[in-house]
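Engineer: got a predicted structure plus its sequence, pasted below:
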Amino acid sequence: MKYRLLTYLFFFGILICMIIGNACQTGNADKRALIGERLFSDIHLSWNHTRSCASCHDPSMAFTDGYRTSVSPSGEMLLHNAPSLLHVSKMKVFDWANPKAIDLVQQLQRPLYGKHPLELGLHLHWPKFLSTIRDDSVYQTLLVQTYGQVPPANDSLWVVDCLIAYINTLQSGVSPINRLMKGDSSALSQDALAGYKLFCSDSLACISCHGGPDFSNATLTENHDSIYFNTGLYFTSAGTYPPQDAGLRMYTQQAQDDGKFRVPSLRNVMRTAPYMHDGSMSSIEDVIRHYSRGGRLIIKGPNQGDGRFHPFKSKYLKGFSLSRTQELQLIAFLNHLSDQNNESFDLRNK
């Protein structure tokens, strides 16, 4: 009897320790997210104190910036359009074209420490940035509560750790499509339901690339053939995409990867214009008509050519015909992928 009682007490003690340990881990994660949220909007993170993460990923714009391509602290135009960070932690790959960015730790290296192009340039002013942190009582308090001390000067890993903790909280969940997924058959309007059927139809085949609850195959698989697609945006006189931005081919050096870019999520898509990897389409109507045509025709300029004829264009881009009513139905469905109010972008604890 005594032995049994001691056994029960032993395992009960282990259970209590596990509960307390998990609670502490959750509490620390919350504190890391608070630090990360502060870092995310802090212009002191950039080498010239002019830009922050939020400059390119504005919470009020579904964590995009509204520009065709983003702008660096030095005023240099970056190569790609800023994708939304909502649900980004669910992605299997994190970059428009670089397949090696398979987690947020790797992805954050480019904006924080990249040299070509130079973005935040944290490596150029780390001692000055650390001095700013140590002079800030809010940072000091949160860091001590989270790590037991203000991290030493030779430790910069906490910056990435906290930014990731914050980014992991960016999960939307108050859109009509979420209500439909939870069984509310009245969540979508009749036009949106008709648009959803078009979205899933064999003729449009949108769901072939934008699959899963977050409407991107990049949240479902690590298979490059299901994540990166050539959508017929370009077919220049050289027979390729523009050489300075050739997509996956720039990393694999394989001809068949020319013009292939990671498929983005369509969550909040109506709030994230302009569109495509290079922001070259200003409206959702432009995007629909591009896919309807089966590729883009550029009639003049250095990128002149007809993307329909690119030899490595995705097999899903066959072209289709929509009436104006059907186009509006498809747009109605895409609108139902948006969170319903700006309060939803304060996304922690949702």
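Structural biologist: Cool, got the structure.
Engineer: report the contact partners of N98.
Structural biologist: Y251 (C-beta atoms under 8 Å, 6 or more residues apart in numbering). All C-beta atoms are positioned from the backbone trio N, CA, C, and that covers glycine.
Engineer: please, which helix or strand holds the residue nearest to L130 when sequence neighbours are not counted?
Structural biologist: Among residues not flanking L130 along the chain, A153 sits closest, at 5.8 Å (C-beta to C-beta, 6 or more residues apart in numbering). Secondary structure assignment for A153, by DSSP states H and E: no helix or strand.
Engineer: what's the neighbour count on P243?
Structural biologist: 11 (other C-beta atoms under 10 Å).
Engineer: any regions of this protein where pLDDT drops low?
Structural biologist: 1-28, 341-350 (pLDDT under 70).
Engineer: can you map out the strands along it?
Structural biologist: Here the chain has its strands, by DSSP state E, at 228-230, 260-262, 297-298, 305-306.
Engineer: circling back: so the residue nearest to L130 touches F129, yeah?
Structural biologist: No: if you go by C-beta atoms under 8 Å, A153 and F129 don't touch, sitting 10.6 Å apart.
Engineer: these two: which has the busier surroundings?
Structural biologist: F129 (20 against 11).
Engineer: name the nearest residue to that one, sequence neighbours excluded.
Structural biologist: Closest to F129 by C-beta to C-beta, 6+ apart is H44, at 5.9 Å.
Engineer: circling back to that earlier point, out of the strands of the chain, flag the one nearest L337.
Structural biologist: Nearest to L337 among the strands of the chain is strand 260-262 (18.3 Å), distances taken as C-beta to C-beta.
Engineer: what's the burial count for Q149?
Structural biologist: Neighbour number of Q149 under other C-beta under 10 Å is 9.
Engineer: isn't it up against L143?
Structural biologist: Yes: with contact defined as C-beta under 8 Å, Q149 and L143 form a contacting pair (7.3 Å).
Engineer: now do stretch 312-322: distance to the chain's middle.
Structural biologist: 25 Å (C-alpha atoms, centre = their mean, to the nearest Å).
Engineer: using PDB, write down the CA coordinates of it.
Structural biologist: C-alpha atoms of stretch 312-322 as PDB (Å, rounded to 0.1, in the frame of the first residue of the first chain):
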ATOM      1  CA  PHE A 312       7.800  25.300 -69.300                       C
ATOM      2  CA  LYS A 313       4.500  27.000 -68.600                       C
ATOM      3  CA  SER A 314       2.400  25.100 -66.100                       C
ATOM      4  CA  LYS A 315       0.100  22.400 -67.500                       C
ATOM      5  CA  TYR A 316      -2.800  23.900 -65.500                       C
ATOM      6  CA  LEU A 317      -2.700  27.100 -67.600                       C
ATOM      7  CA  LYS A 318      -4.900  26.000 -70.500                       C
ATOM      8  CA  GLY A 319      -6.900  29.200 -70.700                       C
ATOM      9  CA  PHE A 320     -10.700  29.500 -70.200                       C
ATOM     10  CA  SER A 321     -13.700  31.600 -71.000                       C
ATOM     11  CA  LEU A 322     -15.800  33.400 -68.400                       C
END
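Engineer: buried sites along it?
Structural biologist: 312-314, 316-317, 320, 322 (16 or more other C-beta atoms under 10 Å).
Engineer: ok, those residues vs L180, which is closest?
Structural biologist: Closest to L180, out of all of these and judged by C-beta to C-beta, is L322, at 22.5 Å.
Engineer: and the gap between the closest one and D286?
Structural biologist: 14 Å (C-beta to C-beta, to the nearest Å).
Engineer: now swap in I133 and tell me
Structural biologist: For I133, the distance to D286 - C-beta to C-beta - is 44 Å.
Engineer: these two: who's more crowded?
Structural biologist: Each of I133 and D286 has its neighbours counted (other C-beta under 10 Å); I133 has more, 21 against 15.
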